[in-house]
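K.L.:
Curious how this folds, go ahead:
(chains A and B)
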Number of protein chains: 2
Amino acid sequence: MIARMTAGRTQAAGVLLGPGDDAAVLAAPAGRFVVSTDMLLQDRHFRLDWSTPYDIGGKVIAQNAADVVAMGSAPSGFVVSLGCPADTPVEFVDGFVDGMWAEARRAGGSIAGGDVVRSPLLVISVTAFGDPLDREPVLLSGARPGDVVAVAGRLGASAAGLAVLAAGIDPGRFPEVVAAHRLPQPPYEAVLGLPPTVPIHALTDVSDGLLADVGHIAESSGVAVDLDSAAIADPALRPVAELLGADALAWGLTGGEDHAFAATFPAGQDLPAGWVAVGRVAAGSGVTVDGAVWTGPVGWESFTEGG
Amino acid sequence: MIARMTAGRTQAAGVLLGPGDDAAVLAAPAGRFVVSTDMLLQDRHFRLDWSTPYDIGGKVIAQNAADVVAMGSAPSGFVVSLGCPADTPVEFVDGFVDGMWAEARRAGGSIAGGDVVRSPLLVISVTAFGDPLDREPVLLSGARPGDVVAVAGRLGASAAGLAVLAAGIDPGRFPEVVAAHRLPQPPYEAVLGLPPTVPIHALTDVSDGLLADVGHIAESSGVAVDLDSAAIADPALRPVAELLGADALAWGLTGGEDHAFAATFPAGQDLPAGWVAVGRVAAGSGVTVDGAVWTGPVGWESFTEGG
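P.N.:
A predicted model of the protein is given here:
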């Protein structure tokens, strides 16, 4: 089954030795590499009735690739362990593997190896590797007062799609947000295409919601951030929000799993293509919205959070 | 809980940035790195009534570190994901983490990060990284006719320990083999201490049993291997084998999880300290014992194999 993960595929240039020996060998031309890992479980992080195997494969790669890109690094390779029941259909494995490879390619890497074990439920573990390119790894801790906070990618679309699925509404009525939930497409190029001359002070991906993830930057950098609600509420989400009696701004502020990128750029820096200003860094601590602490609804939770 | 994995610990020199940002950063001074990953499940790969949390933590690191060393590379860091039930005692986590760190240190690395998720059963995923040092990664495919096959470390001790536990015999009667099963101690230094001037043609660790793992070398290299039973049967295992009506030689040939190292050295090469000749490479294919195909008992299976 490990052979199924890589048979007939061409490894990315950064994977010097793929599966088949005691270990794989990856290139690290900068003399160092970044690494991120996640474990995902059936019915906790994904549901087989809401997502196709292809979507699940793509999503587990996307969320780890986004962590690598959130360091300013280019994904090179991934290793994946899959625990699955003995009666897992081969179609599941094939769709899952196809989804992984498609997203790995989109991120610039390939599946360098892995492990397959029998398990009573589906468990997926992904470890992603990246190459820092010509840039020092971009940390959460580099934001400075005066910086502009900017975002590349959508905010709240995955939360809106999850709300549609959870409400039992026909996904065909809102295909775009449902697709955004099922298979997020982090805008890797918005980061990886930046010339090294464009300074980035702090960078993260939006996995837990903008408020939470910008909060990590604020806390690590010892600064305050004020977000601009007008720049965050996505008009495209309003019809979904109206139907569900939900708050589109809350999805934008607290919705997770979009894997957009949030960065702070020095004041006066022209924002690169694909980036939209959503706030400002100041001295102090904490994150506010239009100058006030956010007390609105929390628009998103993992669907079994607390379960 | 991720903080519990690394709080108060000092990272190894090869871990440039530990947990707390979007990703960790590891050194790769050779411009490349080796990577190995495994997933382990409760009651399939370990049993809470047979092993302490400390043993389990040590064993999952040892088996991945051994894969890295089996490439001729020095372990630098590990990332670990732990899926565990909500009611997992904090003592389990602390013991597990202590065991991981002790073995990571013994291997020369540290725990650089990870993920903790809620899961109905214990699931552990370990990814290990290594630095190729001054040597090209040593592959399975380099054995040549005339090479000497040699082993560093014990063979069959883990299988004997497993047999003791499975038979319900007091572990105190055979503490050494039970310890070898619970917490294998791969002899990393036998590989990592070799001067780069000592040629190694092929190298692997003995995780599936000597016959199987030397079989991987034979197949990858397109050669035959004949093993010498007299060099493999461990006299220290005889009392256990006699009590259980088992075959100590079968344990040595087919017992897994010892994580000894098996290598082929060119003919005429003085064997380095810690290495014992156990066979010879010839033209052809397949693995024989004393010139004949092994038809004796298979001394070891994962305790839920087929389950």
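
K.L.:
quick one: contacts for A:Glu176?
P.N.:
A:157, A:236 (Cβ atoms under 8 Å, 6 or more residues apart in numbering or on different chains). All C-beta spots, glycine's among them, are computed from the backbone N, C-alpha and C.

K.L.:
if we go to 10 Å?
P.N.:
A:154, A:157, A:160-161, A:236-237, A:240 (Cβ atoms under 10 Å, 6 or more residues apart in numbering or on different chains).

K.L.:
Any chance of TSV for those residues, columns secondary structure and distance to A:Ala273?
P.N.:
Below are the contacts of A:Glu176 laid out as TSV (DSSP: H, G, I helix; E, B strand; the rest coil; distance: Cβ to Cβ, whole Å):
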residue	secondary structure	distance to A:Ala273
A:Arg154	coil	16
A:Ala157	helix	20
A:Ala160	helix	25
A:Gly161	helix	26
A:Ala236	helix	20
A:Leu237	helix	23
A:Val240	helix	28
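
K.L.:
Which PyMOL command selects the buried ones in those residues?
P.N.:
Burial among the contacts of A:Glu176 is assessed by 16 or more other Cβ atoms under 10 Å in any protein chain shown; the matching PyMOL selection reads:
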select buried, chain A and resi 154+157+160+161+237+240
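
K.L.:
Tabulate the contacts of A:Glu176 (a markdown table), appending distance to B:Asp55 and pLDDT.
P.N.:
Below are the contacts of A:Glu176 laid out as a markdown table (distance: Cβ to Cβ, whole Å; pLDDT from 0 to 100):
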| residue | distance to B:Asp55 | pLDDT |
| --- | --- | --- |
| A:Arg154 | 47 | 96 |
| A:Ala157 | 46 | 97 |
| A:Ala160 | 47 | 96 |
| A:Gly161 | 44 | 96 |
| A:Ala236 | 54 | 95 |
| A:Leu237 | 51 | 97 |
| A:Val240 | 51 | 97 |
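
K.L.:
Can you tell me which of the contacts of A:Glu176 lies closest to B:His259?
P.N.:
A:Gly161 (45.8 Å; Cβ to Cβ).

K.L.:
burial count for the closest residue to that closest one other than its chain neighbours?
P.N.:
Of all residues not flanking A:Gly161 in the chain, A:His181 sits nearest, at 3.0 Å (Cβ to Cβ, 6 or more residues apart in numbering or on different chains). As a burial measure, A:His181 scores 27 neighbours (other Cβ atoms under 10 Å in any protein chain shown).

K.L.:
Same check on the one 3 residues further on?
P.N.:
Around A:Pro184 sit 27 other residues, with neighbours defined as other Cβ under 10 Å.

K.L.:
which residues does the residue in the stretch 151-300 of chain A positioned nearest to chain B bridge with?
P.N.:
As assessed by Cβ to the nearest Cβ, chain B sits closest to A:Thr204 within the stretch 151-300 of chain A, at 5.7 Å. Following DSSP bridges, A:Thr204 is listed with bridge partners A:Ala262.

K.L.:
Throw the contacts of A:Glu176 into CSV and include distance to A:Glu91, thanks.
P.N.:
As requested, the contacts of A:Glu176 are exported to CSV (distance: Cβ to Cβ, whole Å):
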residue, distance to A:Glu91
A:Arg154, 30
A:Ala157, 28
A:Ala160, 29
A:Gly161, 24
A:Ala236, 33
A:Leu237, 33
A:Val240, 31
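
K.L.:
could you pull out the strands for the stretch 1-150 of chain A?
P.N.:
A:15-17, A:24-27, A:32-41, A:74-84, A:110-118, A:123-131, A:148-152 (DSSP state E, counting those that start in this stretch).

K.L.:
Looking at the ones you listed, which one is packed in the most?
P.N.:
strand A:123-131 (a mean of 29; mean count of other Cβ atoms under 10 Å in any protein chain shown).

K.L.:
relative to strand A:74-84, how tilted is it?
P.N.:
Using axes from the mean of the first three to the mean of the last three Cα atoms, to 10 degrees, one finds that strand A:123-131 and strand A:74-84 are set 170 degrees apart in direction.

K.L.:
Strand A:123-131 pairs with which strands?
P.N.:
Paired neighbours of strand A:123-131 in the sheet (DSSP bridges): strand A:32-41 (antiparallel), strand A:74-84 (antiparallel).

K.L.:
ok now the longest one, how far from the chain's centre?
P.N.:
The one in question is strand A:74-84. Its chain's average C-alpha position is 15 Å from that of strand A:74-84, according to Cα atoms, centre = their mean, to the nearest Å.

K.L.:
Same question for stretch A:132-141.
P.N.:
17 Å.

K.L.:
looking only at pLDDT, what's the mean for it?
P.N.:
In this model, stretch A:132-141 has a mean pLDDT of 92.

K.L.:
List the buried residues in it.
P.N.:
Buried positions in stretch A:132-141, judged by neighbour count with 16+ other Cβ under 10 Å: A:132, A:135, A:137-141.

K.L.:
can you tell if that stretch touches chain B?
P.N.:
Yes - counting by Cβ under 10 Å from any Cβ of the partner chain, chain B has neighbours in stretch A:132-141: A:132, A:136-141.

K.L.:
Closest one of the contacts of A:Glu176 to B:Gly18?
P.N.:
Once Cβ to Cβ is applied, the member of the contacts of A:Glu176 that ends up nearest B:Gly18 is A:Arg154, at 31.3 Å.

K.L.:
OK, contacts around the most centrally placed residue in chain A?
P.N.:
Nearest to the geometric centre of chain A sits A:His259, at 3.0 Å (Cα atoms, centre = their mean). By Cβ under 10 Å, 6+ apart, the residues touching A:His259 are A:59, A:62-67, A:69-70, A:153-154, A:158, A:180, A:184-188, A:205-207.

K.L.:
now do 6 Å
P.N.:
Residues near A:His259 by Cβ atoms under 6 Å, 6 or more residues apart in numbering or on different chains: A:62, A:66, A:184, A:186, A:205.

K.L.:
Kind regards, and thank you for your time.
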